[in-house]
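Q: return atomic coordinates for the entry below.
(2 chains)
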Amino acid sequence: MRAYLAFLRGAVLVGMVYRLGFLFTALGNVVYMVVAYFLWRSIYVGQTSIHGLTFDQALLYVALGSTVFILLKTFTDWGMAQEIRDGTVAVFLTKPIDYQFYTFFTNLGFPLTSLVTVIAPTVILLVFFFRIHFDFGPGYLFFPLSLTLAFIISFHLDYLIGLTGFYTESIWGISITKEIIVSVLSGMLLPLQFFPAAVQQILAWLPFQAMYFTPLMMVTKPGQNVSVFLVMLGVQAAWTAATFLICRLAYGRAIQVLRVAGG
Amino acid sequence: MLTLGEYIRLYFYIEAQYIKAQMQYRVDFFISSIGMFFSSLAALSIFVVLFNTISSLAGWSLMEMVFIYAFYMIAISPMQILFDNIWWIRFHVQSGSFLKYYFRPMNMLFYYMSERFDIKGLTQLAVGIVLLVYSSIQLKIDWSVGKLLLLPLAVFSASLVLIAIAVMAGCSAFWLVNSYPVLALSWRLREFAPYPLTIFDGLFRFVFTFLLPIGFIAFYPAQFFLRVADISPLVYLTPVVGVLLFALMYRVWTLGVNNYSGTGS
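A: Presented below is the predicted three-dimensional model:
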């Protein structure tokens, strides 16, 4: 464990360096939220509630969705493809370090260092400029844990995409396809309530909703019964475990095709 | 200096070699095209789901939105296909390999951009054309000769706006070295282009028309074909905005190129 904490420390230090780049990411998110405000205002013209969501709740949901996206987007798959291509990955075959855990902790640096700076502009915009009404309830207490599980599931998916780097060099196509599928089916861009009922039933059985819809609903509708939140967390935990197992199995298979030339 | 004809011949020659080299990676081309296909449909699929619930967005129907979206897809294709190398400029600037572009007797912007021809961008163009044909049939758009002649002009003008914005963002590499965040921001702004500008109130409509002119990427030019009757005079500004922004971009590029001093290696 101490070895992995050293990787995390390194990643945090690296995260601190890229302050300027982060400024543009934050700015992009602010513009997105402003556009979302006007878009949803047009959608809610003449209506106070759609699919059980008020305008304030829908705006909170999509603004937070875009903000969580920044935290979950770690470029893990890109980094792995690079390590596989240049052969760095071979190091982990000879050292007592687990490649998956190593990758996890090095990619945890970014969300940890930028958690506050990512979320703060969103809260300021929602409270002082859009002046939305927040509901309060136990959902807020479960949100941090839910977001953590969402991060792990998202990491597992990225890790699986990264492993395809053992088989192909065209990581761009696979990665972008994954990103688009997740952004639409996870409810990141649009609350899942807006989907047709039949589609919603299918989406409930896929892991994507556990990455965005679940944590976002905890803040959007925090006043629900505690048992509702516990079930949501249970589903997330199950997906965390299932995707973890898939990652272990996939790595075991993928590593067998590795050939590194020279040293 | 080379003449325009020589540049065109040269461009075809360079791209023919490039495509031959790329043909070694057929799987990559196939997978990237699938990725491009999905990414061209992402925003559209959200519109389609939304219109299950609403019947119009700020006065625009789903089919009209599809038309604007299709126009946008076609207008971003030249940027994607011909100017994709702008994403790699930070690596050249950082490693110093950018210096080689100073040593050829041709236009540097041309030489730099000719180094990559993004074949997968053709998928995007195809999606755009299919959607444009489909939505204009659904909307019963009357394609007069005048409109047919205006379409390439409108697409070309909109493309100039997009190329100018992206290349200027990429030029930040000459001063900041890592141009990725600025490029990613310009990319993100671009994604708002297919939204009807009528959803915004006065201040932001002004911002997205004059300060961050993304309205000229799709919304204004598409009105030529959708609502000829109540057309905004701004629509006619599209070619002017395109040419002015492109000229400004070239100025920024020249400044950047002259400012860059290599890495000393």
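
Q: use CA for all of it now, contacts and neighbours both
A: OK.

Q: leaving out chain neighbours, which residue sits closest to the residue of the stretch 1-150 of chain B found nearest chain A?
A: When scored by CA to the nearest CA, the stretch 1-150 of chain B has residue B:32 as its residue closest to chain A, at 3.9 Å. Leaving aside its chain neighbours, residue B:32 sits nearest to residue A:173 (3.9 Å; criterion: CA to CA, 6 or more residues apart in numbering or on different chains).

Q: just to revisit the earlier point, for the residue of the stretch 1-150 of chain B closest to chain A, the count of nearby residues, please.
A: 24 (other CA atoms under 10 Å in any protein chain shown).

Q: what do you get for residue A:251?
A: Using other CA under 10 Å, residue A:251 has 18 neighbouring residues.

Q: hang on, isn't it packed against residue A:163?
A: Yes. The criterion here is CA atoms under 8 Å, and residue A:251 meets it with residue A:163 at 6.9 Å.

Q: which residues of chain B lie near chain A?
A: Contacts of chain B with chain A, taken as CA under 8 Å from any CA of the partner chain, map to B:27-28, B:31-36, B:38-39, B:42, B:45-46, B:49-50, B:52-54, B:57-58, B:180-182, B:184-185, B:188-189, B:192, B:199-200.

Q: which element, helix or strand, includes the residue of the stretch 101-250 of chain A found nearest chain B?
A: For the stretch 101-250 of chain A and chain B, the shortest gap (CA to the nearest CA) falls at residue A:173, measuring 3.9 Å. Following DSSP states H and E, the helix or strand that holds residue A:173 is helix A:171-185.

Q: so which bits of that helix are buried?
A: For helix A:171-185, the neighbour count (16 or more other CA atoms under 10 Å in any protein chain shown) marks A:171-180, A:182-185 as buried.

Q: from residue B:163, how far off is the closest residue to residue B:119 other than its chain neighbours?
A: Computed as CA to CA, 6+ apart, the closest residue to residue B:119 that is not its neighbour in sequence is residue B:81, at 6.4 Å. Going from residue B:81 to residue B:163 by CA to CA, to the nearest Å gives 11 Å.

Q: neighbour count for these two, which is higher?
A: The neighbour comparison of residue B:81 against residue B:163 (other CA under 10 Å) goes to residue B:163, with 25 against 19.

Q: so the more buried one touches residue B:84, yeah?
A: No. Look at residue B:163 against residue B:84 with CA under 8 Å: they stay out of range, at 9.7 Å.

Q: if we can go back for a sec, out of the buried residues of helix A:171-185, the closest to residue A:125 would be?
A: Nearest to residue A:125 among the buried residues of helix A:171-185: residue A:183, at 22.7 Å, using CA to CA.

Q: find the nearest non-adjacent residue to the closest one, please.
A: Closest to residue A:183 by CA to CA, 6+ apart is residue A:189, at 6.2 Å.

Q: give the contact list for the one you found.
A: Contacts for residue A:189 (CA atoms under 8 Å, 6 or more residues apart in numbering or on different chains) come out as A:62, A:65-66, A:183, B:46.

Q: do the same with residue A:187
A: Contacts of residue A:187 by CA under 8 Å, 6+ apart are A:209, A:212-213.

Q: what parts of the stretch 101-250 of chain A come near chain B?
A: Near chain B, when you scan the stretch 101-250 of chain A using CA under 8 Å from any CA, you find A:168-170, A:172-177, A:180, A:184, A:189-190, A:194-196.

Q: neighbour-wise, which one of the contacts of residue A:187 leads?
A: Busiest of the contacts of residue A:187 [other CA under 10 Å] is residue A:212, holding 31 neighbours.

Q: let me know whether it touches residue A:150 as I believe.
A: Yes. Counting by CA under 8 Å, residue A:150 is a contact partner of residue A:212 at 7.0 Å.

Q: what segments of the stretch 51-200 of chain A are helices?
A: Secondary structure of the stretch 51-200 of chain A (DSSP state H, counting those that start in this stretch): helices at A:55-72, A:76-86, A:91-94, A:99-124, A:139-163, A:171-185, A:197-203.

Q: nearest to residue B:262, of those helices?
A: Per CA to CA, nearest to residue B:262 of these: helix A:76-86, 25.8 Å.

Q: show me what the lengthiest helix in chain A is packed against.
A: Criterion DSSP state H: the longest helix present in chain A is helix A:226-254. Under the contact definition 3 or more CA pairs under 8 Å, 6 or more residues apart in numbering or on different chains; DSSP states H and E, helix A:226-254 sits against helix A:139-163.

Q: list the residues that contact residue B:72.
A: B:128, B:193-194, B:217-218.

Q: and what of residue A:15?
A: A:109-110, A:113-114.

Q: ok, 10 Å please
A: A:9, A:22, A:106-114 (CA atoms under 10 Å, 6 or more residues apart in numbering or on different chains).

Q: need the buried ones from these selected in PyMOL.
A: Applying 16+ other CA under 10 Å to these leaves a buried subset, and the PyMOL line that selects it is:
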select buried, chain A and resi 9+22+106+107+108+109+110+111+113+114
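
Q: so what's residue 100 up against?
A: No chain in the question, so chain A it is. A:92, A:155-156, A:159, A:244, A:247-248, A:251.

Q: wait, I meant chain B there
A: B:92, B:108, B:112.

Q: ditto for residue A:38
A: A:44, A:59, B:58, B:197-201, B:204.

Q: helix or strand: which one has it?
A: Going by DSSP H and E, residue A:38 is part of helix A:19-43.

Q: give me the mean pLDDT for the helix or strand following that helix.
A: Helices and strands here follow DSSP H and E; after helix A:19-43, the next one along the chain is strand A:49-50. Mean pLDDT, strand A:49-50: 94.
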